[in-house]
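Asker: sequence and computational prediction follow.
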Amino acid sequence: MADLYPVPPQAQASSPSRVTSLEAYASLCRAIAADPDAWWVAEARRRLAWADPPTRGLDGSFHDVVDSPVAWFADGRLDVTASCLDRHLATRGDKPAIVWEGDEPGTTRTLTYRELHAEVCRTANALAALGLRKGDRAILYMGMVPEAAIAMLACARLGAIHSVVFGGFSAEALRDRVLDCGAELVITQDEGRRGGRSIPLKATTDEALAGLTEVRHVLVLRHTGAEVGWQAGRDVWWHEAVAPAAPTHEGVICEAEDPLFILYTSGSTGRPKGLVHTRGGYLAWTSFTHELVFDLREDDVYACVADVGWITGHSYIVYGPLCNGATTLMFESTPLHPDPGRYWDLVERHGVTVFYTAPTAIRTLAAAGDHHVTAHDLSSLRVLGTVGEPINPEAWRWYHEVVGQGRCAVVDTWWQTETGGMMIAPLASATPTKPGSATLPLPTVQATIVDAQDRVLRGPGQGRLCLTEPWPGVARTVWGDHARYVATYFSQHPPWYFTGDGCRRDADGYHWITGRVDDVLNVSGHRIGTAEIEAALVTVDAVAEAAVVGFPHDVKGQGVMAFVVLQPGEQGGSTLEASLQQACRTGIGAHARVDRLQLVPGLPKTRSGKVMRRILRKVAEGDVSSLGDTSTLADPGVVDVILADAGLSR
Ligand code: PRX
């Protein structure tokens, strides 16, 4: 087949004990399937440092998830930071664990495993002195600084539960999360830096916490040195608390199933949900997938340029790589600062071997011109990864040919906040690839495609992607609302986990993710619920109603289109538009923007009052040739006005 890319020689397996071919991949899948419990118990015991090694694999099943979450390695006990730090000291003490590159090119800092261990211990001691105990929640609202990873690990070492809130979120979004998880401690910094700009993290934290007495302390890292507001008694400087603390700390031993972190993510309805990941299974899954997919090697310089505020940063900047003893790069800036050659400058200066980014960045950089790439020596690269949204074949080919110079394996990795780690992805060392396809499910992953009538598709076909068997990294519940977890993921195609994604499988069994089939948008790799944007828009006084849909966008993957009904007597114009954008910024954050706005006299609704988004999606896509029957609408005339105003005809 013309479009099948073989594994390039440079990416072929690093050792015969690795997965070297598709046959070896298939035989690993069979070996696991023959006795998943035994295989995974052995794997988890080998991969992690346990205080009490587990003897049990999976407990429970998706059938019983209504009553109780599944559990993995339930009789095992561990301190996850012993796997990420302590056990590396003997063999990798002087190896760089975190290499940090700041916002300005060349501002770097390196922490060896020994140094990182000492910093995490100091921070754990400082947090303990502030009252953080096992099971307590701490919110981290930070930029991409090493202390973000240190704070996550310090919480983990105490058995506390961290919840990282992406630094782009608004005060309102931060406050919601603090309240939802009942955090008593917030860790932030004076300011973040990104793309030459400062982000007022402490000021936003102060706004978020105004009037909240539940948060007893805010630990503040001094990063830019900017003046910040200060609440005596509550606020504590990081350097005053952490620097004098002892560099040793005995990690708290937890149950494998104790929560490690909560990460909020958008769904199709309501407010963001706090997905709960636990300790043993999550760490085993991220470590396994990180090594297998990238064919990780001891001397790799591994760079994932995501943000720690998202799941990619948790799993593939911090936990997976550190558990594997890798050198992981943390990047504070953007791909465009100071110019579109920044990533490639980073690769050249640090000798990056594995590089992991999002399709939206690849498209942006491809549009900026090849000379930004070819100006740099990228000969160190071996594997190029993508994640977060479907990658279009043109962008894939550009990544492969221009960045990878045809020498590197490109791994398009499909997964979600809920899955903890990668689920469908090529193995760099073994899987021939096709541009735009995430290829094959990883060993243990049971992916099934069903049609709208819930029939399982065999062989090639397109439908909704479900995962039928539990894997160690699956999120166990939604914080404080197990019923919502069950309703969101297990009620559409019971007893299976429904991903919310559409998927096509071709004749070779390769998977092509077609995007969300629910009301979740994926804008520049950021997941946003249409309901969240609508809720923000209706806070504007002039707005009576709003409906939001996505449309295909060349760079962002999806753009946001809002259909807005104004209150009687109100008018559109630049003031209204500015208020709508401000409402999104205030309610959600700087990453939420309306790309296209259409004022409409009413929304197309069924007689029972449900907005027919299908129609609005077609309008947004500019293709209304197959609009279907609109006669059942409460007011069919509304559609004609919307079409006429959009310059479309059926
Ligand atoms: O629609 C899929 C898309 O991103 C969603 C998950 O978003 P989030 O939980 O924020 O996690 C992103 C990082 C793992 C999925 O439901 N998605 C993620 N990776 C891919 C993808 N779509 C297509 N191809 C991918 N490789």
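Answerer: That came through fine.

Asker: was I right to think residue 368 contacts residue 343?
Answerer: No - applying CB atoms under 8 Å as the test, residue 368 and residue 343 come out as separate, 10.9 Å apart. For the C-beta atoms, the positions are set from N, CA and C on the backbone; glycine is no exception.

Asker: between the two, point out the one with more neighbours.
Answerer: It is residue 343, of residue 368 and residue 343, that has more neighbours when counted by other CB atoms under 10 Å, with 26 against 15.

Asker: did I read that right, the more buried one in a helix?
Answerer: Yes - secondary structure of residue 343 (DSSP: H, G, I helix; E, B strand; the rest coil): part of a helix.

Asker: so residue 528 belongs to a strand, correct?
Answerer: Yes - the secondary structure assignment for residue 528 places it in a strand, going by three-state DSSP.

Asker: and it, how many residues sit next to it?
Answerer: The criterion is other CB under 10 Å. On that basis, residue 528 has 25 neighbouring residues.

Asker: is it true that it touches residue 588?
Answerer: Yes - under the contact definition of CB under 8 Å, residue 528 touches residue 588, with a separation of 7.0 Å.

Asker: OK, contacts around residue 289?
Answerer: With contact set as CB atoms under 8 Å, 6 or more residues apart in numbering, residue 289 has these partners: 320, 421-422, 425, 442, 473.

Asker: you'd agree residue 409 is up against residue 430?
Answerer: No - with contact defined as CB under 8 Å, residue 409 does not count as touching residue 430 (9.3 Å).

Asker: can you name the element that comes right after the longest helix along the chain?
Answerer: Taking DSSP state H as the criterion, the chain has its longest helix at helix 113-129. Scanning the chain past helix 113-129 towards its C-terminal end, the next helix or strand to appear is strand 137-141 (assignment: DSSP states H and E).

Asker: ok, that following strand: who's next to it in the sheet?
Answerer: With DSSP bridges as the test, strand 137-141 is paired with strand 161-164 (parallel), strand 185-189 (parallel).

Asker: and those strands as CSV, adding mean pLDDT and distance to the ligand?
Answerer: CSV is the format used below for the strands paired with strand 137-141 (pLDDT from 0 to 100; distance: least, CB to the nearest ligand atom, whole Å):
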stretch, mean pLDDT, distance to the ligand
strand 161-164, 98, 13
strand 185-189, 98, 22
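
Asker: just send the ones you listed back as CSV, with distance to residue 501 and mean neighbour count too.
Answerer: Conversion of the strands paired with strand 137-141 to CSV gives the following (distance: least, CB to CB, whole Å; neighbours: other CB atoms under 10 Å):
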stretch, distance to residue 501, mean neighbour count
strand 161-164, 24, 27
strand 185-189, 33, 28
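
Asker: distance to residue 207 added to these, as CSV?
Answerer: CSV is the format used below for those (distance: least, CB to CB, whole Å):
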stretch, distance to residue 207
strand 161-164, 18
strand 185-189, 12
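
Asker: if we can go back for a sec, tell me the angle the longest helix of the chain makes with strand 185-189.
Answerer: Between helix 113-129 and strand 185-189, the angle comes out at 130 degrees (axes from the mean of the first three to the mean of the last three CA atoms, to 10 degrees).

Asker: and the gap between the closest residue to residue 478 other than its chain neighbours and the ligand?
Answerer: Leaving out its chain neighbours, the residue that sits closest to residue 478 by CB to CB, 6 or more residues apart in numbering is residue 485, at 4.1 Å. When distances are taken as CB to the nearest ligand atom, to the nearest Å, residue 485 and the ligand turn out to be 14 Å apart.

Asker: ok, back up a step: which elements pack onto the longest helix of the chain?
Answerer: On a contact count with 3 or more CB pairs under 8 Å, 6 or more residues apart in numbering; DSSP states H and E, helix 113-129 meets helix 89-92, strand 96-101, helix 146-158, helix 238-242.

Asker: now do the third one, average pLDDT.
Answerer: When pLDDT is averaged over helix 146-158, the result is 99.

Asker: orientation of that helix relative to strand 137-141 in degrees?
Answerer: Using the same axes, to 10 degrees: helix 146-158 against strand 137-141 is 170 degrees.

Asker: quick revisit: mind listing the shared neighbours of residue 409 and residue 430?
Answerer: When contacts are counted by CB under 8 Å, 6+ apart, residue 409 and residue 430 have residue 7 as shared neighbours.

Asker: which of these two has more residues huddled nearby?
Answerer: Taking residue 409 and residue 430 together and counting by other CB under 10 Å, residue 409 has the greater number of neighbours (30 against 24).

Asker: quick one: contacts for the closest residue to the ligand within the stretch 251-400 of the chain?
Answerer: Nearest to the ligand, among the residues of the stretch 251-400 of the chain, is residue 390, at 3.9 Å (CB to the nearest ligand atom). Residue 390 sits next to 359, 436, 512-515, 557 when contact means CB under 8 Å, 6+ apart.

Asker: that's a helix at it, yeah?
Answerer: No - counting by three-state DSSP, residue 390 is located in no helix; its state is coil.

Asker: angles on the backbone of it, please.
Answerer: Taking degrees, to the nearest 10, you get phi -60, psi 140 for the backbone angles of residue 390.

Asker: any residues of the protein in contact with the ligand? List them.
Answerer: The chain has residues 265, 310-312, 387-390, 412-417, 438, 499-501, 513, 515-516, 522, 527 near the ligand, with proximity defined as CB under 6 Å from any ligand atom.
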